[in-house]
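Undergrad: Fold the stuff below for me.
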Amino acid sequence: MNALADASIRPSGVTRPPHCGEEEWALRRDLALCYRLVDYMGWTETIFNHISARLPGPTHHYLVNPFGLNYTEVTPANLLKVDLAGHKVEPSEYDGNPAGFALHAALHEARDDIRCIIHTHTTPISAVAQKRQGFDHNSFYGAQLHGRVGYHAFEGITLYDAEKPRMVASMGDRHILVLRNHGIAVAEGSVAKAFFLLWTVQRAAEIQCAAGALPGDDVPLAREIQQKCADQTAMLIRDSGFADKFFRAMVRKMEEARGPAWQEG
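TA: As a prediction, this is how the structure comes out:
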């Protein structure tokens, strides 16, 4: 039975391979849990989209999902280890999604502070990405994104190296890249921080869509209040482990509802 035919069978156990160090295994666990959480929150696009995490060390190797698996089938052991060209650096029966390499490789290579990138296009996020204005910053969640959003014009499916420098330029030193007419990529210094940022962006998009459907004018927030809100969020993440607490709490909530993501051997 080939890998994809066998993909629907839930693994009974996951064991750390002898060649995989503890630091890499911990990152693999967090990334696999992030895939499960994105599915649990209803943010998946079937087998599409991608989440990557850069491995520690000087080499630009990163982990990404095997293409063709549902997010609920991703485990620490079956994540692919690839280089910036998307080539596997360790053997696997799976292959990656070519559409993921151009976006993820470009941002990982350009920004050493980026350790995890999540790409989604949920309905609210895609709706906002289609609007010329993009994200407003007048809601509690939208204000937290003030000064953190870059915009990139749609060039088709992100497959080609020629688009990489333009995506990097569109992102600049920010942490959210709106792919116009498409979706978003959020990029942060850890899996937990990227997941928390994605949750914030998703909530901002949901509220913006809901507010736009109501009659009447919005109450605008002053620019200094928007900046204050963004600064306060950055402080919470930097100084209090806020994102890590949020990530672990969401994992507990998911596993309470669904059971353990996998059994570790």
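Undergrad: So which residue is smack in the middle of this protein?
TA: For the chain, Ile118 is the residue whose C-alpha lies nearest the centre (Cα atoms, centre = their mean; 1.5 Å).
Undergrad: after the one helix or strand that residue maps to comes which helix or strand?
TA: If you go by DSSP states H and E, Ile118 is part of strand 116-120. Counting by DSSP H and E, the next helix or strand C-terminal to strand 116-120 is helix 123-130.
Undergrad: From the contact counts, what lies against that next one?
TA: Packing contacts for helix 123-130, counted by 3 or more Cβ pairs under 8 Å, 6 or more residues apart in numbering; DSSP states H and E, involve strand 176-179, strand 183-188, helix 191-212. C-beta here means a position set from N, CA and C on the backbone, and glycine is covered the same way.
Undergrad: Just give me how far the shortest one sits from the chain centre.
TA: Averaging C-alpha coordinates over strand 176-179 and over its chain gives two centres that are 11 Å apart (Cα atoms, centre = their mean, to the nearest Å).
Undergrad: Mind jotting down where the strands sit in the stretch 1-150 of the chain?
TA: For the stretch 1-150 of the chain, the strands defined by DSSP state E, counting those that start in this stretch cover 50-54, 62-64, 80-82, 116-120, 149-152.
Undergrad: just so I know, which of those lies nearest Trp43?
TA: strand 116-120 (5.3 Å; Cβ to Cβ).
Undergrad: picking up where we left off before, tabulate the strands of the stretch 1-150 of the chain in JSON lines, adding columns for distance to Ala204.
TA: As requested, these are exported to JSON lines (distance: least, Cβ to Cβ, whole Å):
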{"stretch": "strand 50-54", "distance to Ala204": "19"}
{"stretch": "strand 62-64", "distance to Ala204": "26"}
{"stretch": "strand 80-82", "distance to Ala204": "31"}
{"stretch": "strand 116-120", "distance to Ala204": "13"}
{"stretch": "strand 149-152", "distance to Ala204": "10"}
